[in-house]
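1. have a look; sequence and predicted model below, questions after that.
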Amino acid sequence: MGPGNGGADGSILLADGELQRRENRGLADIAHLIMSWHSEFGRYSPHPPSVADLIQIGAIVAAVTCPGGPRIRAFVGRPDFNAGSTPPPPHELIPKPTDDAQTILRKMIAKTFTAVDLVALLGAHSVSRQYFTDLARAGAPQDTTDGVFDTKFYAETRAPHAPLGVYRIASDVAVARDPATHALWRTYSGADAATQDRWTAAYASAYVRLSLLGVADLNALTDCSGVLPQAKALP
């Protein structure tokens, strides 16, 4: 991905109209918080962390402080999107909650990710809630332990019926059942420690690559993983 094609460049907060896009609804509060951090750091340094770095560090800290979440390598030094010289990222790059599995897989492959990466990354829905896919069920979680980063999401998404109170996103169900991905999905459906470790390792590996997407000079980045807190065990 190059300039103007999105990636880990802060464009989601810096490009005009990004937060108004359908796929980014619900991000206004965290966007405001990150931009306030950027302004605050700018009061003390002529070279504050980039918005792109703050987004990624925030996401990585959120994962590791969630019970069961992985401790992902954290790099800083990403340049920010320049609205004056770069066009906003095009539409239709982000998979939709109504997409079928093959459509999602094609979009991920176009970004250099594999089916293994896709299935692992979708596990982030273990701690998500939907607010805009079905307004009548706004706030519904995607598994029964939405405060815990665990593999229950995989088992409950591939089950014949959703547990009471759980909202299953159609695209998640499609990936869980598609011939190209259902075997991968099943490998993370166990509740044992080995399955949890296997999934979080795959998630962390895929997320590092996601966090570097579109960064032109990887050698200019600095590994700041040492500032992260230790991971929290599952309850």
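-> That came in fine, so what should we check first?
2. please count neighbours and contacts with C-alpha atoms only from this point.
-> Will do.
3. grab the longest helix from this protein for me.
-> With secondary structure taken from DSSP state H, the chain has its longest helix at helix 193-211.
4. name the helices or strands packed onto that one?
-> helix 115-122 (3 or more Cα pairs under 8 Å, 6 or more residues apart in numbering; DSSP states H and E).
5. so what strands line up beside whatever helix or strand comes next after the helix it packs on?
-> Going down the chain from helix 115-122, the next helix or strand is strand 129-130, by DSSP states H and E. Each strand paired with strand 129-130, and its direction, by DSSP bridges: strand 140-141 (antiparallel).
6. and the next element down the chain from the strand it pairs with?
-> Following strand 140-141 in sequence, per DSSP H and E, is helix 152-158.
7. mean confidence for that following helix?
-> Per-residue pLDDT values over helix 152-158 give a mean of 99.
8. same question, stretch 65-72
-> 98.
9. for this structure, which segments count as strands?
-> 75-76, 129-130, 140-141, 222-223 (DSSP state E).
10. which among the ones you listed is found nearest to Asp117?
-> Asp117 lies closest to strand 75-76 among the strands of the chain, at 19.5 Å (Cα to Cα).
11. who touches the closest one?
-> Outside of strand 75-76, the residues within contact range by Cα atoms under 8 Å, 6 or more residues apart in numbering are 49, 53, 221-225.
12. domain ranges for this protein, per the record?
-> Following automatic domain parsing, the chain resolves into domains at 11-91+208-227, 101-202.
13. off-centre distance for the longest helix of the chain?
-> 12 Å (Cα atoms, centre = their mean, to the nearest Å).
14. on that earlier part again, most tightly packed of the domains of the chain?
-> Mean neighbours per residue, mean count of other Cα atoms under 10 Å, is largest over the domains of the chain for domain 101-202, with a mean of 18.
15. run a quick neighbour tally on Thr98.
-> Residues near Thr98, counting by other Cα atoms under 10 Å, number 15.
16. hang on, it packs against Ser171?
-> Yes. The criterion here is Cα atoms under 8 Å, and Thr98 meets it with Ser171 at 5.4 Å.
17. list residues touching both of those two?
-> Contacts common to Thr98 and Ser171, judged by Cα under 8 Å, 6+ apart, are absent.
18. how far is stretch 226-235 from where the chain is centred?
-> The answer for stretch 226-235 is 18 Å, by Cα atoms, centre = their mean.
19. which parts of it are buried?
-> 228, 231-232 (16 or more other Cα atoms under 10 Å).
20. between these, which is nearest Ala159?
-> Here the nearest of the buried residues of stretch 226-235 to Ala159, counting by Cα to Cα, is Lys232; it sits at 27.8 Å.
21. distance of that closest one from Ala124?
-> Distance, Lys232 to Ala124, using Cα to Cα, to the nearest Å: 16 Å.
22. next: Ser85.
-> Distance from Ser85 to Ala124, by Cα to Cα: 33 Å.
23. Gln142 now?
-> The gap separating Gln142 from Ala124 is 10 Å, by Cα to Cα.
24. same thing with Asp134?
-> Distance from Asp134 to Ala124, by Cα to Cα: 19 Å.
25. what's the answer for Val64, then?
-> Taken as Cα to Cα, the span from Val64 to Ala124 is 12 Å.
26. distance to Thr181 and mean pLDDT added to the strands of the chain, as CSV?
-> Shown next, in CSV, are the strands of the chain (distance: least, Cα to Cα, whole Å; pLDDT from 0 to 100):
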stretch, distance to Thr181, mean pLDDT
strand 75-76, 30, 98
strand 129-130, 23, 98
strand 140-141, 23, 98
strand 222-223, 33, 98
